[in-house]
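# Next input, structure requested:
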Amino acid sequence: MNSKPLLKLLLAAVLLASGACKKSTTPEIDETQTGTTASIPHLAGVTFKNPLIDASRADPFVAQKDGNYYFMYTRGNNLGLRKTTKMSELSQATEKVIWTPPSGTGYSSNLWAPEIHYISGKWYIYFAANDGGGDSHRMYVLENVSQDPTVGTWTLKGKISDTSDQWAIDGSILNYNGAYYFIWSGWDSPATRYKQYIYIAPMTNPWTISGERIMISAPTNNWEKYEPSGSQGLGVNEGPIMLQRDQNSPLFLIYSASRYGGDNYCLAQIQLKNGGNPTNPADWINKKQVFVSSHENNVYGPGHNGFFTSSLTKADGTTVKENWFIYHARSVANTSNGTRTPRMQKLSWNSDGSPDFGVAKATGVDLDAPVNENAQ
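Numbers count the residues shown, from 1 in each chain. Okay, the predicted model is just below:
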C-alpha cells in the first residue's frame, strides 16, 4: 500500500500517550453513544465539508496532545507534519517537512503510512520505507524529545523488526493492560509476496520488538481478497490500528481489507475476546466489515484510518465528548490510481461497546464540525 489521547476513551491515535492528559473530574456527556445523540443538541453552527484537503493525502493519521492535532500522510520521499487546533481547518495548517532520509540506504525511498505517537514524554514516528525496490519495505522508528514535534530533531532509532525480518508496512502501537505491542501488515515470506497479514509482537521499548511475530489476522473472506479489477486475488489485511472506547470496554483492531486501489477496499474489525491475550490468534474474534464504499454518496475505497477525540467543557461543568475517525477515499469509481483525499466523520458506539462507523459521507456536504470548534 502506498501513494498511505490516558482519557476515558483510549484511541489508537495516542495509544501510548499516558500522562499526556488527565481524566476529567467533571460530568461527561458522550455524544457518540448510539441512540443518545439526538437528545443532545449541537452547540453551534460551525460546519465543514469533506475532503479536509482537496488533494491526494493517502494513509492519513492524527495524533493529539495539549489541544493540538498532528496530521501525517504518505508523502513518499520524506515525512511532513501539520499542526492545528481545529481539524476542520486542516487545509489551512502549514505543512512542514520534518525529516528527509539520506540517500543510498534501505530506508531512502517510498516512505509510506507514517504514524506519530507520544510515548513516555517523547514523540515517535513509525514509517515503512525501502531502498527503491518493491520487495524491500521494512518498518523504521524516529524519536524526538521536543514536546512540540514540529520542532526539535528527529533521530533515527533504526529498523523495528522481529527475527524473521520480512516485508513489513503500516506499523502501529497497541497498548493493552499496561503492555505494549507492535502491530503491522506483512508478508509471510517472499514466496507468498503480495498476500498481506496482520502481525503482532511484544515490545521492550518504543523502538524494539522483544519476541517473534504472531499472525492474528489473515485475508480469508472474499471481501478481503478483491483486486482493483474486481477479481479475487491473494488478499490483503493492512493498516491495523487499535480502537477502544474506554479501559472497561472491548478492544478492537481496525484494519483495511482488499487491495487499496479498488472500490472494494474497506475498513474491517477483529475484537479481542473478554480476558483474551492479544498474542493468541484464537482470542481475536468477530471479524467483519465496518465501513465500505457508498455508491449513493460517491465514496469509493474508504480505508487506512486513524482516530481522534474532540471535547468541550460547558459552563455548567459538563464535558461533551466526541469520537472521530479520519480516512482516505476516492470520489470516482473504478479509478485505481485516483486521488485519495483525507476525510473525517464522527464515530458512534453501540451499547455493547463496539464501534458504529455509519455510512461514508459525500464530499461537498455541510457536516457538524468537531465539538471543540464550537462555542456555547
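
# So in that sheet, which strands flank the biggest strand by length in the chain, and in what orientation?
Ranked by residue count and defined by DSSP state E, the top strand of the chain is strand 300-313. Using DSSP bridges, strand 300-313 pairs in its sheet with strand 319-330 (antiparallel).

# can you pull the buried residues of the partner strand?
T319, V320, K321, E322, N323, W324, F325, I326, Y327, H328, A329, R330 (16 or more other C-beta atoms under 10 Å). Yep, even glycine has a C-beta here, placed from its N, CA and C like the rest.

# likewise stretch 141-161?
For stretch 141-161, by 16+ other C-beta under 10 Å, it's V141, L142, E143, N144, P149, T150, W154, L156, K157, I160, S161.

# show me the contacts for the spatially closest residue to Y194 that is not a sequence neighbour.
Distances taken as C-beta to C-beta, 6 or more residues apart in numbering put L234 closest to Y194, at 5.5 Å, once the chain neighbours are dropped. By C-beta atoms under 8 Å, 6 or more residues apart in numbering, L234 lies in contact with T192, Y194, K195, P219, K225.

# ok, those vs N177, which is closest?
Nearest to N177 out of the contacts of L234 is P219 (C-beta to C-beta; 28.1 Å).

# Need the per-residue pLDDT for the closest one.
For P219, the model assigns a pLDDT of 99.

# Would you confirm that G67 contacts T85?
Yes - the criterion here is C-beta atoms under 8 Å, and G67 meets it with T85 at 5.7 Å.

# What about the contacts of L234, which one has the most neighbours?
P219 (23 neighbours; other C-beta atoms under 10 Å).

# ok, and the closest non-adjacent residue to that residue?
G235 (2.6 Å).

# For that neighbour, grab the count of nearby residues.
Residue neighbour count, defined by other C-beta under 10 Å, stands at 22 for G235.

# Check N372 too.
Neighbour count of N372, defined by other C-beta under 10 Å: 19.

# Verify the contact between it and T313 for me.
No - N372 is beyond contact range of T313, at 9.7 Å (criterion: C-beta under 8 Å).

# Report the contact partners of D356.
Applying C-beta under 8 Å, 6+ apart, the residues near D356 are T34, L347, S348, W349, N350.

# Kindly report the same for P250.
P250 makes contact with Q244, Q271, L272, N274, D352, G353, S354 under the criterion C-beta under 8 Å, 6+ apart.
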